[in-house]
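In: Structure, please.
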Amino acid sequence: MSISGKTVVITGASRGIGEAAAYEFANAGARVVLVARSGDLIEKIAADIGENALALTCDVASYDEVENTLIKASAAFGGVDVLIGNAGAIEPIARMDEADPDAWGQVIDVNLKGVFYGMRAVLPQMVANGSGTIITISSGAAHNAIEAWSHYCASKAGAAMLTDCVHKEFGDQGIRAMGLSPGTVATQMQKEIKASGINPVSQLDWSVHIPPEWPAKTLLWMCGADADAHVGTEISLRDEGIRKAVGLI
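Out: The predicted structure is shown next:
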């Protein structure tokens, strides 16, 4: 589909991949809804983008807030065509025998429940319209255990399975569900990982991380017909074939 004139909801839009995606979609003619807890940050981004952007403060760990946010987005722009489940957390990083149970659970609330809440809130209208794209930001951690990341690995694995479930249940009703595993990206999360000093990921040189604009461009590409062959799968930006298709190399 052409993204021009379509409504795209992006969670975790206050920084990193979410912020970059908001600009990318807006530049392509989409109406973007920026969702995050940091209302002041998304309001500044929305103001910079202009009249085709709307900032909605929301904690994705609350279903009521997510549902109300999607209602407001639909009222403002006449429905939601694309949902990008990008909001994510990794702090506090800790081995399982030292992890605070409540803090561990909060990451699950954001990374897993938050993804489901977005899907649950948007699916009825997408199914009624017979079309819609749902993209979940995944991770290599969804498929490989990493020391001190038990909450992150478990939540990302669950989110990847949720995306598979959307495809299984609604793929034949016009819903395009996909995951994007971007690899390591130069964002605030990578700074938190670096500061932890735990596991090999924290030891990576900053220069190996890709810029957030790369996954943003990939997300836009995933909404078009060129990505139809990948519907129901998880796309990895470590794949040079994908990078070439997107125009990154």
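
In: where does this protein have low pLDDT?
Out: Filtered on pLDDT under 70, the chain yields the residue ranges 1.

In: now with 90?
Out: 1-2, 184, 186-191, 200-201, 204-208, 210, 249 (pLDDT under 90).

In: residues touching the nearest residue to residue 159 once chain neighbours are set aside, list them.
Out: Closest residue in space to residue 159, ignoring its immediate chain neighbours: residue 115 at 4.4 Å, by C-beta to C-beta, 6 or more residues apart in numbering. Heads up, the C-betas are built off the backbone N, CA and C, glycines and all. By C-beta atoms under 8 Å, 6 or more residues apart in numbering, the contact set of residue 115 is 60, 85, 136, 159, 162, 163.

In: Out of those, name the ones that lie in strands.
Out: If you go by DSSP state E, the contacts of residue 115 have 85, 136 in strands.

In: Most neighbours out of the contacts of residue 115, which is it?
Out: Counting neighbours by other C-beta atoms under 10 Å, the top entry in the contacts of residue 115 is residue 85, with 29 neighbours.

In: That residue and residue 204, how far apart?
Out: Distance of residue 85 to residue 204, given as C-beta to C-beta, to the nearest Å: 25 Å.

In: cool, and residue 99?
Out: Going from residue 99 to residue 204 by C-beta to C-beta gives 23 Å.

In: Next: residue 247.
Out: To residue 204, residue 247 is 25 Å away according to C-beta to C-beta.

In: Tell me the gap between stretch 41-48 and the middle of its chain.
Out: Between the centre of stretch 41-48 and the centre of its chain there are 18 Å (C-alpha atoms, centre = their mean, to the nearest Å).

In: In terms of distance to residue 111, which of the contacts of residue 115 ranks first?
Out: residue 159 (6.2 Å; C-beta to C-beta).

In: Would you agree that closest one is in contact with residue 110?
Out: No: counting by C-beta atoms under 8 Å, residue 159 stays clear of residue 110, with 10.3 Å between them.

In: Tell me which stretches of this protein form strands.
Out: Using DSSP E, the strands of the chain run over residues 7-11, 31-36, 53-57, 82-85, 132-137, 175-181, 234-236.

In: For residue 210, grab the count of nearby residues.
Out: Applying other C-beta under 10 Å, I find that residue 210 has 16 neighbouring residues.

In: what sits against the spatially closest residue to it that is not a sequence neighbour?
Out: Closest residue to residue 210 apart from its sequence neighbours, by C-beta to C-beta, 6+ apart: residue 185 at 5.6 Å. The contact partners of residue 185, taken as C-beta under 8 Å, 6+ apart, are 16, 17, 209, 210, 211, 212, 214, 215.

In: For the chain, which segments count as helices?
Out: Remark: helices assigned in the chain by DSSP state H are 16-27, 39-49, 63-77, 101-108, 114-129, 150-170, 188-196, 213-222, 240-246.

In: got the angle for the third one vs strand 53-57?
Out: Going back to what we said before, that points to helix 63-77. 160 degrees (axes from the mean of the first three to the mean of the last three C-alpha atoms, to 10 degrees).

In: so helix 63-77 versus strand 31-36, what angle?
Out: Angle between the axes of helix 63-77 and strand 31-36 is 160 degrees (criterion: the same axes, to 10 degrees).

In: who's more crowded, residue 99 and residue 204?
Out: residue 99 (17 against 13).

In: The more buried one and residue 29: what is the separation?
Out: Residue 99 is 44 Å from residue 29, by C-beta to C-beta.
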